[in-house]
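> One predicted model, sequence on top.
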Amino acid sequence: MADDVADTRPPPPSSHSKDAPGELKHNAIGFLDALVIGINSTSPAYSLAAVIGAVVAIVGIYAPGVVLASFVPMLLIASAFFYLNRVDQDCGTTFSWVTRAMGPWVGWFGGWAIMMTGVLVVGSLADVAVGFGLLTVGLDSWAQNEVIRQLLTVLVILVMTAICVIGTEASAHVQNVLILAQVVSLLAFAVIAIYRVYSGSSPLAPIEPDIGWLNPFGAGGGSLTAGLLLGVFMYWGWESAVNLTEEVKDSASAPGRAGIWSTVILLVTYLSVTIAVVAFAGPAYLAENASEEEFIFALLAGKVLGGWDWIVLLAVCTSALASTQTTIIPSSRTGLSMARRGALPSVFARIHPRFRTPHVSTWAVAVVAIAWYLVLSHISENALFDSLTALSLLIAFYYALTGIACAVYYRHHLTESIRNLLLIGVGPVIGAVLLGWLLVESVINMANPANSYSGASWFGLGPPLVIGIGIAAVGLVIMVVCWLRAPRFWHERRSVADPVAVRATEHQHRHHRDGTHGEP
């Protein structure tokens, strides 16, 4: 990344500094821990399982190309996260950055979107972890019993939330174990599937991989749009590493690098497994079973691994389990950041005196997520899937905001070098435009009730769009109430990265970066 844009804030605390009361624990984890958390937040095995069948149904053998194309806006927005974190190491990320660059009203909605993503998805992730965990140990009847699954799901959310509260180090240790089990399982599955393709031992309709599969336009523009909507969901979550910026060593650089490397590692993982699955099963089989959602891996595991199918079941279980925990992090840290600035009630800014974590906002996210999960599960399983579909609206919205905020905040630096222009200006803006286009396409698609999982009509619209509109409406009401009760935050003025201050601190930041041992 560019070295000619430096941090305008004071250097992060040294490893010997004491944490002040009411602050998060500084230097709690390192770059590798942040990288693992960023990867696990996307829930690779679960995301692949949930999306791959639907993507193949839309674009056929060009599914790897869609996976590759979906990576482009993610990398461009990851660049924006990297550079904005350089000038503002705030755990609220998008909320704080957009507030600085575009004003408090827009910034508040960016933060609200991040908080609500956790509410929408945590219950579903825990439910998948429970379901696949029961299948792994042979308790299929328990997996099919709604009462048992829901009770265990609530228990999983509570346990994972408790780990988040106990401390960032504990969270990192758990994540390191879960990512190892997940990656090993996925790689074993992909390698054996490809081997069986070339050995002619696949029981399905295998086809040998071809370089043409990487062409995202092979199936046509309309199909590409629908595939990209699913692809964005696959990559979402990598920025959790940046939400831990106040707790990571070398906070001005390491979290941003962890976010970028997360997207690259995810690309390699997703491409490998997608190519292996398409080659082993063939597009016809995958399209026919697309409605199985994440259980497509359960169908394929036995055919690829025989009696060792529990390996893939375990991968999806650990993937969803890890993401249940890490998805709470962005929501809780954003709530903390908003409360510190007066954008939410001050109670959400409380830090646990022993563990140095935002325990109030963390438990608040978990409680609301549990309530959301139980209510939608009571309506129908498809209603739960509809709430996941609504995620794409929130994701595209706050990612796009971040890309625009990067260019706006750094606008005085964009002409200083070609690298600045491309990586801080043009790249993030292109990423924001692509995501804005996907947001519009999502709204158009979700307006039709027939395109929802439930097929129901809520107020003449598809349930996912109604959920998205409802979240925005509730956010607007809460924002107005907070504005009336504590207007201080809404008087904050927009700012820019000052060229003079940047040049004055450039040498200091480079010295700090070069003195960091073990930096990749």
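Ah, there it is. Worth saying up front: this structure is predicted, and the values here are computed from it rather than measured. Numbers count the residues shown, from 1 in each chain.
> Quick check, residue 248 in contact with residue 31.
Yes - between residue 248 and residue 31 there is a contact under C-beta atoms under 8 Å: 7.3 Å. The C-beta positions use only the backbone N, C-alpha and C, and glycine is treated the same way.
> quick one, which of these two is more surrounded?
The neighbour comparison of residue 248 against residue 31 (other C-beta atoms under 10 Å) goes to residue 248, with 30 against 21.
> Could I get the contacting residues of the more buried one?
By C-beta atoms under 8 Å, 6 or more residues apart in numbering, the residues touching residue 248 are 27, 28, 29, 30, 31, 33, 34, 241, 254, 255, 258.
> Specify which member of those is nearest to residue 472.
Ranked by distance to residue 472 (C-beta to C-beta), those are led by residue 241 at 27.2 Å.
> so which strand or helix has the closest one?
helix 240-243 (DSSP states H and E).
> I'd like the average pLDDT over stretch 115-125.
Confidence for stretch 115-125, expressed as mean pLDDT, is 88.
> Could you check how far it is from the centre of its chain?
11 Å (C-alpha atoms, centre = their mean, to the nearest Å).
> again with stretch 459-471
Stretch 459-471 sits 22 Å away from the centroid of its parent chain (C-alpha atoms, centre = their mean).
> Check which residues of that stretch are buried.
The neighbour-count check on stretch 459-471 (16 or more other C-beta atoms under 10 Å) flags 461, 462, 463, 464, 465, 466, 467, 468, 469, 471 as buried.
> still on that earlier bit, overlap of the contact sets of residue 248 and residue 31?
Residues touching both residue 248 and residue 31 (C-beta under 8 Å, 6+ apart): 254, 258.
> on contacts alone, who are the packing partners of the helix holding residue 241?
Packing partners of helix 240-243 (3 or more C-beta pairs under 8 Å, 6 or more residues apart in numbering; DSSP states H and E): helix 31-41, helix 254-281, helix 328-340.
> In terms of secondary structure, what does the helix or strand following the second one contact?
So that's helix 254-281. Sequence-wise, the next helix or strand downstream of helix 254-281 (DSSP H and E) is helix 283-288. Packed against helix 283-288 by the contact rule (3+ C-beta pairs under 8 Å, 6+ apart) you find helix 44-59.
> what is the mean pLDDT for whichever helix or strand comes after the helix it packs on?
Under the assignment DSSP H and E, the closest C-terminal helix or strand after helix 44-59 is helix 63-87. Averaged across helix 63-87, the pLDDT comes to 91.
> circling back to that earlier point, comparing the helices and strands packed on helix 240-243, which gets the lowest mean pLDDT score?
When the helices and strands packed on helix 240-243 are ranked by mean pLDDT, helix 31-41 comes last with a mean of 78.
> Distance from the chain centre to that helix, please.
Centroid displacement of helix 31-41 relative to its chain, using C-alpha atoms, centre = their mean, is 11 Å.
> List the buried residues for stretch 160-167?
Of all the residues in stretch 160-167, those buried under the rule 16+ other C-beta under 10 Å are 160, 161, 163, 164, 165, 166, 167.
> and the second one, what pLDDT?
Each residue has a pLDDT score; the one for residue 161 is 91.
> so what's it up against?
Contacts for residue 161 were tallied using C-beta under 8 Å, 6+ apart; they are 325, 328, 362, 363, 365, 366.
> picking up where we left off before, what's the helix holding residue 241 in contact with?
34-35, 37-38, 41, 81, 85, 91-93, 248, 255-256, 258-259, 262, 326-327, 329-330, 333-334.
> what's the angle from the helix or strand where residue 150 lies to helix 328-340?
Residue 150 belongs to helix 146-166 when elements are defined using DSSP H and E. Going by axes from the mean of the first three to the mean of the last three C-alpha atoms, to 10 degrees, helix 146-166 is angled at 60 degrees with respect to helix 328-340.
> Show the end-to-end separation of stretch 201-214, please.
For stretch 201-214, the first-to-last residue distance is 25 Å (C-alpha to C-alpha, to the nearest Å).
> Can you point out the buried residues in it?
Residues of stretch 201-214 classed as buried: 202, 204, 206, 207, 209, 213, 214 (neighbour count, 16+ other C-beta under 10 Å).
> Show the contacting residues for the residue nearest to the last one when sequence neighbours are not counted.
Same thing as residue 214. Excluding its sequence neighbours, the residue lying closest to residue 214 (C-beta to C-beta, 6 or more residues apart in numbering) is residue 65, at 4.9 Å. Neighbour list for residue 65: 59, 213, 214, 215, 216, 217, 218 [criterion: C-beta under 8 Å, 6+ apart].
> Equivalent analysis for residue 143, please.
130, 131, 134, 135, 149.
> Which helix or strand contains the third one?
Which is residue 134. helix 104-136.
> tally of neighbours for residue 155?
12.
> separation between it and residue 339?
Distance from residue 155 to residue 339, counting by C-beta to C-beta, to the nearest Å: 28 Å.
> Same question for residue 33.
When C-beta to C-beta is the yardstick, residue 33 and residue 339 sit 25 Å from each other.
> How about residue 313?
The spacing between residue 313 and residue 339, counted by C-beta to C-beta, is 40 Å.
> still on that earlier bit, after the helix holding residue 134 comes which helix or strand?
Proceeding N to C from helix 104-136, the next assigned helix or strand is helix 140-143, under DSSP H and E.
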